[in-house]
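Asks: when you get a sec, could you give me coordinates for this:
(2 chains)
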Amino acid sequence: MATDPKALIEELLRKALQEKAPQSASMPIFIERPKQADHGDFSTNVALQAAKSEKRKPRDLAIELQASVTAQVSASATLSAIIEKPEVAGPGFINFKLKAGAKTAVIRRILEEGAGFGRTREGRGEKVQVEFVSANPTGPLHVGHGRQAALGDAIAALLESQGYAVTREFYYNDAGAQIENLALSVQARARGIGSGEPGWPKDGYNGEYIQEIARDFVGQSGELADLEAVRRFAVAYLRAEQDADLKAFGVRFDVYYLESSLYADGKVDQVVRTWAAHGKTYEKDGALWLRTTEYGDDKDRVVRKSDGTYTYFVPDVAYHVTKWQRGFRKVTNVQGTDHHSTVTRVRVGLQALALGIPPGYPDYVLHSLVKVMRGGAEVKISKRAGSYVTVRDLIEWVGRDAVRFFLVSRKADSEFVFDIDLALAKSEENPVYYVQYAHARVCSVFAQAGGAPKDAAGANPDLLRGEREMALAARLAEYPEVLATATRELAPHAVAFYLRELAGEFHSYYNAERILVEDEALRAARLALCAAVRQTLANGLSLIGVSAPEKM
RNA sequence: GCGCCCGUAGCUCAGCGGAUUAGAGUAUUGGCCUCCGAAGCCAAGGGUCGUGGGUUCGAAUCCCGCCGGGCGCGCCA
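Replies: Model (predicted):
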C-alpha cells in the first residue's frame, strides 16, 4: 500500500470505480488540492468525468463512490488514522480531509530526507541531454541568452531531481559565415576602418567589443593580414567572455560541442551522403536540395549551396545524429522562438536519414525573447547594432539571484518585459528576496534557539494543530508533486511560484505565532516545522540556481 | 498572404488534462515593531479572463471567425 496520502486516495477511488462504475474503471483519476480550505485537502472530479459514460447523474455516482471509499476506510485501522470520511459537494466533487496527524507527518519525512526531499528515481538513470544557450561566439551574451541559461539550467536540475542522468551541453556555431564576418570586422577595426566606411565588411559587426578585440589583437602584435589568426583570436576572446558570464551566472556545462568538429570529422558529409543514398536529394540551379516536403515541410530545402558550402541546418542535423549515437534517447533543446523554423527542419532532416530516430526527436522548449525597457523605451537587442543589454549588465545591476529568479519565473513561451528601471530602483521588492528572507528568518530563529533541530526525533508534530500550521504542512507535502509536474512539463516557473507561496505561508505563520514558546514540547514541534520549511526552501532554490542565504 | 505562439486586475504575471466563490506580486488606501529580523504581517478597493459565435448540464480553460501583439516564412545562422 502506498504511504503518500494522495496515492492512497487514488487507490481508494480506483477500487470504488471498479465496484460502482465498471465502465470507467480504468479512466484517469485527477486529484487536486483545492484552493478553498473548506473543500478539504484533496478533491476529485471523477464522478463528474465518469457520469457521462456511466449515464448516471454525477452527484448520485459521487455518493456511491463516497460510500465505497468510506467502507474501505472504516475497514482499515491504518486508513482510518490518515483519512476522514469524504464528502460530496457541489455538482459531484468528492472532497477528502486528512487527519491532522497525517498532515504533519511530512515534517518527519522532510527532516529525514533532507536535500533528498522531492527527489525521485522516476527517470531510472536514463541518459538525457539538455542543450541550451548555444550562442554564436560573435558577441557577448544578451538577455535572451540569460533567459535560456536560467531556463535550461533549471530544466536540467529538475530532470536530475527526478532521477535522470543529465548532460548539459553548449553547441558552438564556430564554423559558419558569421564567424568569417566577425574576423573581417575585427580586422577592419584594427586597420582603423569604421562602420560604413570604405573597406568595412558587408553586414559587419560594429559593437564596441569589436574594437576591444581589435585593440587587444594589435596589442599582442598579431599579424593583421592573417585573417585565420584574427578569427582564432576573436573566437577565443569571445568564448572566454561568454564563459566568464556563464560562470558569474552560476551555470556550468558538461560538454561544449564545436560545430567545426562536425566538418573535421566528416560527419556533415556523411549526413549528405546518407540522404543521397536514400534518394532524398536532387540537384537544381547548381544547388543540392533535400526533399523535406516528403515529410510535411512546405517546400524543399537547399542543403548545399551553389558555392559548394552547406547551409546551417546540415551540421545541425549531423549534430543531432551524434546526440542519438551518444545514447541520448531524450533530448531537450532550449531555444528562442526565433529559431522555431529549425524545429521541423532538424526533425525532418533526421527522419530522412532513416536511422530509426522517432519523428518527434528532439524535444524543444522555445522561449519568447525578453523585451528590455529602460527610461520608458525599449532597448534594442541586436548584435549588429552593438547596443544591447548583456547578461553581465543584468547581474551587475540587480544581482545574480534576482536575475535568475526573475528569468525563470515566467512560462517559457510568455513574452515579458524586463524593466531595468524597476529592477534598478526597486530591486529589494524582487520576489527572490521574499523567498530568501523566509529562509534567512528560519536561520535566525535557530540561531536564537541555540541551533537547528537535527531531526524530528525530539519533536512531536501532533502538537501542531493551528490552522496556519496545517496549511504550511500541506504546502510542504505538495513539493514533490510540484517537482514531478514541473519536470514532466519542462516548466521550472512552477517551482518559482511554489517557493513564493511557501515563503508567504511561512511569513504569515511567523507573524501570527511565536516559534520560541516556553512550552518545550510545543517549541520543539514548531522548530521541527521551521526546519522542514527551511529545507524545502533550500531544495527548491537550489533547483533554480538561487542561493539560500542564512543572513541578508 | 501562410505557419507557430500570445492577449486574465493600472502594471508584471499564474491558472488553461472544463466544474465547488477567477488568483498572486506590484501599485493605491488603512492598520501592525517595549516581544523570535517590518526585505515582514493584517485588511480594503480593483477583472463582462481581447471580441463574437459554437460544443457542454457547466468554458479563462475545448473548437471556429475576427481584432490586437510577437516570431518565422533565404542558395543567413
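Asks: grab the nearest non-local neighbour of the residue of the stretch 151-300 of chain A found nearest RNA strand B.
Replies: Using Cβ to the nearest atom of the strand, A:Asp285 is the residue of the stretch 151-300 of chain A that sits closest to RNA strand B, at 2.6 Å. Where you see a C-beta, it was placed from the backbone N, CA and C, and this is true even at glycine. Spatial nearest neighbour of A:Asp285, chain neighbours left out: A:Ser306 (6.8 Å); criterion: Cβ to Cβ, 6 or more residues apart in numbering.
Asks: what's near enough to touch that neighbour?
Replies: Shown in contact with A:Ser306 (Cβ atoms under 8 Å, 6 or more residues apart in numbering): A:285-287.
Asks: and A:Asp226, how far from A:Lys267?
Replies: For A:Asp226, the distance to A:Lys267 equals 28 Å [Cβ to Cβ, to the nearest Å].
Asks: ok, and the closest non-adjacent residue to the residue of the stretch 401-550 of chain A found nearest RNA strand B?
Replies: As assessed by Cβ to the nearest atom of the strand, RNA strand B sits closest to A:Phe416 within the stretch 401-550 of chain A, at 2.1 Å. Distances taken as Cβ to Cβ, 6+ apart place A:Arg410 nearest to A:Phe416, at 5.0 Å, with adjacent residues excluded.
Asks: okay, A:Asp226 and A:Lys267: which has more neighbours?
Replies: Taking neighbours as other Cβ atoms under 10 Å, A:Asp226 and A:Lys267 compare with A:Lys267 leading, 18 against 13.
Asks: the more buried one against A:Ala318, yeah?
Replies: Yes - the pair A:Lys267 / A:Ala318 is scored as a contact, 4.4 Å apart, by Cβ atoms under 8 Å.
Asks: which parts of the stretch 401-550 of chain A are strands?
Replies: A:416-419 (DSSP state E, counting those that start in this stretch).
Asks: so where's it uncertain?
Replies: Counting by pLDDT under 70, the stretch 401-550 of chain A shows low-confidence ranges at A:423-429.
Asks: who in it is up against RNA strand B?
Replies: Contact residues, the stretch 401-550 of chain A versus RNA strand B (Cβ under 7 Å from any atom of the strand): A:409-411, A:413-417, A:419, A:426, A:428-429, A:431, A:433-434, A:437, A:440-441, A:443-445, A:448, A:485, A:491, A:493-494, A:497, A:500-501, A:504, A:507-508, A:510-516, A:550.
Asks: so which of those are in helices?
Replies: Assigned to helices by DSSP state H, the following of those qualify: A:431, A:433-434, A:437, A:440-441, A:443-445, A:448, A:485, A:493-494, A:497, A:500-501, A:504, A:507-508, A:510-512.
Asks: name the residue most distant from the centre of chain A?
Replies: Relative to the centre of chain A, and counting by Cα atoms, centre = their mean, the farthest-placed residue is A:Pro198 at 46.8 Å.
Asks: A helix includes that residue, no?
Replies: No - assignment of A:Pro198 by DSSP: H, G, I helix; E, B strand; the rest coil gives coil, placing it outside any helix.
Asks: got phi/psi on it?
Replies: The phi and psi values for A:Pro198, taken as degrees, to the nearest 10, are phi -60, psi 130.
Asks: so is stretch A:43-62 next to RNA strand B?
Replies: Yes - Stretch A:43-62 is in contact with RNA strand B by Cβ under 7 Å from any atom of the strand, via A:43, A:45, A:48-49, A:51-52, A:58.
Asks: and the residues of the stretch 401-550 of chain A next to RNA strand B, which of them are buried?
Replies: Listed as buried from those are A:409-410, A:416, A:431, A:433-434, A:437, A:440-441, A:443, A:445, A:491, A:493-494, A:500, A:510, A:515; burial here means 16 or more other Cβ atoms under 10 Å.
Asks: name the residues of stretch A:359-374 that are buried.
Replies: Within stretch A:359-374, the residues that qualify as buried are A:361-362, A:364-365, A:367-370, A:372, counting by 16+ other Cβ under 10 Å.
Asks: and it, end to end?
Replies: 43 Å (Cα to Cα, to the nearest Å).
Asks: and it with RNA strand B, contact?
Replies: Yes - applying Cβ under 7 Å from any atom of the strand, one finds stretch A:359-374 touching RNA strand B at A:368-369.
Asks: likewise stretch A:230-240?
Replies: No - with Cβ under 7 Å from any atom of the strand as the criterion, RNA strand B is not reached by stretch A:230-240; the gap is at least 13.3 Å.
Asks: flag every residue of the stretch 251-400 of chain A that's near RNA strand B.
Replies: Proximity of the stretch 251-400 of chain A to RNA strand B (Cβ under 7 Å from any atom of the strand) is limited to residues A:284-287, A:298, A:301-302, A:305-307, A:309, A:311-313, A:337-342, A:368-369.
Asks: ok, which pair from the residues of stretch A:43-62 next to RNA strand B is furthest apart?
Replies: For these, the farthest-apart pair by Cβ to Cβ is A:Ser43 and A:Lys52; their separation is 19.2 Å.
Asks: between the two, which has more neighbouring residues?
Replies: It is A:Ser43, of A:Ser43 and A:Lys52, that has more neighbours when counted by other Cβ under 10 Å, with 22 against 11.
Asks: that one: what's it in contact with?
Replies: For A:Ser43, the contacting residues are A:31-34, A:93-96, by Cβ under 8 Å, 6+ apart.
Asks: A:Ser261 - how many residues pack around it?
Replies: A:Ser261 has 15 neighbours, counted by other Cβ under 10 Å.
Asks: element containing it?
Replies: Element membership for A:Ser261, per DSSP states H and E: helix A:259-264.
Asks: ok now the helix or strand just after that helix, how far from the chain's centre?
Replies: Following helix A:259-264 in sequence order, the next helix or strand is helix A:267-277 (DSSP H and E). In terms of Cα atoms, centre = their mean, to the nearest Å, the centre of helix A:267-277 is set 34 Å apart from its chain centre.
Asks: poorly predicted segments of chain A, please.
Replies: Scanning chain A for pLDDT under 70 picks out A:1-2, A:375-387, A:423-429.
Asks: OK, contacts around the most centrally placed residue in it?
Replies: Residue closest to the average C-alpha location in chain A (Cα atoms, centre = their mean): A:Ile155, at 3.1 Å. For A:Ile155, the contact set (Cβ under 8 Å, 6+ apart) comprises A:130, A:132, A:332, A:334, A:365, A:490, A:492.
Asks: and the residues you listed, which is closest to RNA strand B?
Replies: Comparing the contacts of A:Ile155 against RNA strand B with Cβ to the nearest atom of the strand places A:Pro492 closest, at 10.9 Å.
Asks: for the closest one, give me its contacts.
Replies: The contact partners of A:Pro492, by Cβ under 8 Å, 6+ apart, come to A:151, A:154-155, A:157-158, A:408, A:486, A:543-544.
Asks: redo that, cut-off 6 Å
Replies: A:154-155, A:408, A:486, A:544 (Cβ atoms under 6 Å, 6 or more residues apart in numbering).
Asks: next one: A:Arg59
Replies: A:Gly92.
Asks: cutoff 8 Å now
Replies: By Cβ under 8 Å, 6+ apart, A:Arg59 lies in contact with A:47, A:88, A:91-92.
Asks: next one: A:Gln242
Replies: Neighbours of A:Gln242 in contact, by Cβ under 8 Å, 6+ apart: A:135, A:137, A:140-141.
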